[in-house]
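[1] attaching a predicted model along with its sequence, questions to come.
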Amino acid sequence: MKSRLTTRLAALATVMALVLLAVFGASCGSATFSKQTQARMEAALDKLMSDNNIPGAAVGVWAPGKGTWVVAKGKADLKAGRAMATADNFRIGSTTKPFTATVALQLVDEGLLRLDDKLSLYKFPVSVPSAGGITVRQLLNHTSGLYDYADAPAFDSVYTTDPLHPWTTEELLKIGLSHAPYFAPGKGWHYSNTNYILLGVIAQDLTNHTIADEVRSRIIGKMGLKSTFYPSTPAMPAPYTRGYIITHGPSPLGPPGTYDRTLQSPSVAGASGAMISTLDDLHSFALALGRGDLVSQKSHKEQTTFVPTGNQQFTGYGLGMMQFGDLVGHGGDINGYSSNTSYSPSTGAVIVVLVNKDPNANASGQVGILLTKQLAKIVYPQMNFTGM
C-alpha cells in the first residue's frame, strides 16, 4: 500500500512538474512586444529602407521576456515583384568571419594551433611579408597590418565588371600582399579581408580539409543549421532574395540604374565573406557565438577580448567578433547584400538585420549596424553605443 501510494504521488508530482514547465515555457516564449514598441521598430525599419533606397529587408529581434519581432518588408525580386519573406536566403558577406574564427579557435582547443603562432610556421601559396612577426591572433583581430586585397584597384576593377570571375586564393593573396602593410604587426588596427584568407589557408594546412568543409562539419552540421551554406558555386539556394546595386550616376557598371548582383563567385571572398544564411539560422548562430557554446571557456574569453578600432560603428574587435557598445557580433557587406548579426551578453537578446542592397554606407555608416543600434535602443533604452 505504501509503495503504491508513493508511486502515485511520484507520478502526480511528475505530471505537475510537466504542467508547470509547460506553463512556464509558454509564458517565457510567448512574450509579445507592445503595439507601441512594434510600431517604433517598424518605423525605424521603414525610414532606413526609404532613406537608403533599399528594395527589401528581413529583420529579427529576439528579446527574452520582452518579445520577438520577425518581419520581412519590400521586394526580394524587383523584376518578378516577389515580396521579401523571412525565410529567404541572403549572402552574409563578412558575417562569415566569426564562422572562420570559430574554426580557428576550435583548432586551438584541440592543440593543433596556438594564437601566438607566427605565420612563418605555416605554408602559404605566396610569400607573406613579416611572416615571422605576425601571429594568428593578429590575423583574427586585424592587427597584422596586412593590406586588404578588397581595397586594391586591381581587385575592384575585376570584381565590379565580372562578378563570376573564379578567384584563386593565390590571386587574392598576391593582390593584397603586393601592397605595403598599413603598419608594423601589432602597431595598429585596420580591417583586412586578407587576414581571413590566410586563416583559411592555415585551417587547410592543419586539417587537410578546406575551410569550407571545416565550417560545414564543425558548425553548420553540428548546430543543425538547415539554411546556412558555404557555397561552392555562384548559385543561391532557394528560397532566396536577389541582391542589388543601385547607382545614381555613371559608374564602372554603366549608366545610373539598378543592377542585379545575385550571382557572384563565392571565391571572391572565401573565408572572409562567402557564406549564405537566413534570419533563423543567424539567430541560432548568434546565441551560440555570443554565449561561447562553440569553443572552450578559455577560447571564448580570448574571442571576446576586444582591441580598440578607432571606428565609431564598432568600437572594439575581438577574434572574429565586433563590439557595438553593449552588443557583440559581426556585420557583413558584399555587393548586393548587407547584414548585421548581434548578441547582447547582458540581456541574451539577438538582433539580425538582412537587406538586399549594397553598397549601403551613408553618413552614419553601415546601415545594418545603424538599424541594429536603433532597434536595441527601442527595446533597451539603457543600452550604450559609443559613437551612435
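    Received it, and whenever you're ready, just let me know what you need.
[2] I'd like the average pLDDT over stretch 339-352.
    Average pLDDT, stretch 339-352: 97.
[3] now do the buried residues in it.
    Buried residues in stretch 339-352, defined by neighbour count with 16 or more other Cβ atoms under 10 Å: Ser339, Asn340, Thr341, Ser342, Tyr343, Ser344, Thr347, Ala349, Val350, Ile351, Val352. C-beta coordinates here come from the backbone N, C-alpha and C atoms, glycine included.
[4] CA atoms only: put it into PDB for me.
    Output of stretch 339-352 as PDB, limited to C-alpha atoms (Å, rounded to 0.1, in the frame of the first residue of the first chain):
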ATOM      1  CA  SER A 339      23.900  42.000 -42.900                       C
ATOM      2  CA  ASN A 340      24.400  42.500 -39.200                       C
ATOM      3  CA  THR A 341      24.100  39.900 -36.500                       C
ATOM      4  CA  SER A 342      24.400  40.900 -32.800                       C
ATOM      5  CA  TYR A 343      24.000  39.400 -29.400                       C
ATOM      6  CA  SER A 344      23.600  41.200 -26.000                       C
ATOM      7  CA  PRO A 345      25.600  39.400 -23.300                       C
ATOM      8  CA  SER A 346      23.700  41.300 -20.500                       C
ATOM      9  CA  THR A 347      20.200  40.500 -21.800                       C
ATOM     10  CA  GLY A 348      20.500  37.500 -24.100                       C
ATOM     11  CA  ALA A 349      18.800  39.400 -26.900                       C
ATOM     12  CA  VAL A 350      19.700  38.800 -30.600                       C
ATOM     13  CA  ILE A 351      19.100  41.200 -33.400                       C
ATOM     14  CA  VAL A 352      19.600  40.200 -37.100                       C
END
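[5] for Thr100, give me its contacts.
    Residues counted as contacts of Thr100 (Cβ atoms under 8 Å, 6 or more residues apart in numbering) are Tyr196, Leu199, Gly200, Ala203, Ile211, Val215, Ala271, Ser272, Gly320.
[6] counting neighbours, what do you get for Leu375?
    By other Cβ atoms under 10 Å, the residues close to Leu375 number 25.
[7] which ones are touching it?
    By Cβ under 8 Å, 6+ apart, Leu375 lies in contact with Met41, Ala44, Val59, Val61, Ile351, Val353.
[8] can you say which of the residues you listed are buried?
    Applying 16+ other Cβ under 10 Å to these flags Met41, Ala44, Val59, Val61, Ile351, Val353 as buried.
[9] how much space between the nearest residue to Asn384 once chain neighbours are set aside and Gln313?
    In space, and not counting its chain neighbours, Asn384 is closest to Gly325: 4.9 Å by Cβ to Cβ, 6 or more residues apart in numbering. Remark: distance between Gly325 and Gln313 (Cβ to Cβ, to the nearest Å) = 10 Å.
[10] can you pick out the residue with more neighbours from those two?
    Taking neighbours as other Cβ under 10 Å, Gly325 and Gln313 compare with Gln313 leading, 21 against 18.
[11] helix, strand, or coil at Ala76?
    Secondary structure, DSSP: H, G, I helix; E, B strand; the rest coil: Ala76 is strand.
[12] residues touching it, list them.
    Contacts for Ala76 (Cβ under 8 Å, 6+ apart) come out as Pro55, Gly56, Arg82, Ala83, Met84, Ala85, Asp88, Pro239, Tyr240, Thr241, Arg242, Asn356.
[13] could you report the distance from it to Gly221?
    Separation of Ala76 from Gly221 (Cβ to Cβ): 27 Å.
[14] chain neighbours aside, what residue packs nearest to the most centrally placed residue in the chain?
    Centroid-nearest residue in the chain, with Cα atoms, centre = their mean: Thr95, separated by 2.0 Å. Nearest non-adjacent residue to Thr95, counting by Cβ to Cβ, 6+ apart: Gly332, 3.6 Å away.
[15] does the one you found sit in a helix, a strand or a coil?
    Under three-state DSSP, Gly332 comes out as strand.
[16] pLDDT weak spots in the stretch 201-350 of the chain?
    Scanning the stretch 201-350 of the chain for pLDDT under 70 picks out nothing.
[17] all helices of it, in order?
    Along the stretch 201-350 of the chain, the segments classed as helices by DSSP state H, counting those that start in this stretch run 211-215, 222-223, 279-291, 297-303.
[18] and what of the stretch 1-150 of the chain?
    Along the stretch 1-150 of the chain, counting by DSSP H, counting those that start in this stretch, helices occupy 2-29, 35-51, 97-109, 136-140.
[19] residues contacting the nearest residue to His190 once chain neighbours are set aside?
    Once flanking residues are discounted, His190 sits nearest to Tyr182: 4.4 Å by Cβ to Cβ, 6+ apart. The neighbours of Tyr182, taking Cβ under 8 Å, 6+ apart as the test, are Gly145, Leu146, Tyr147, Gly188, His190, Ser192.
[20] any idea of the pLDDT on the residue nearest to Gln138 when sequence neighbours are not counted?
    In this structure, Gln138 finds its nearest non-sequential neighbour in Ser144, 4.2 Å apart by Cβ to Cβ, 6+ apart. pLDDT, Ser144: 98.
[21] tell me, how many residues neighbour Ser144?
    Counted with other Cβ under 10 Å, the neighbours of Ser144 add up to 30.
[22] same check, this time on Thr135
    Neighbours of Thr135 (other Cβ under 10 Å): 18.
[23] distance check, the nearest residue to it once chain neighbours are set aside against Thr194.
    Leaving aside its chain neighbours, Thr135 sits nearest to Asp116 (5.2 Å; criterion: Cβ to Cβ, 6+ apart). Counting by Cβ to Cβ, the gap between Asp116 and Thr194 amounts to 20 Å.
[24] more crowded one of those two?
    Legend: neighbour count by other Cβ under 10 Å for Asp116 and Thr194, higher for Thr194 (26 against 8).
[25] pretty sure Gly74 contacts Ala58?
    No - with contact defined as Cβ atoms under 8 Å, Gly74 does not count as touching Ala58 (9.2 Å).
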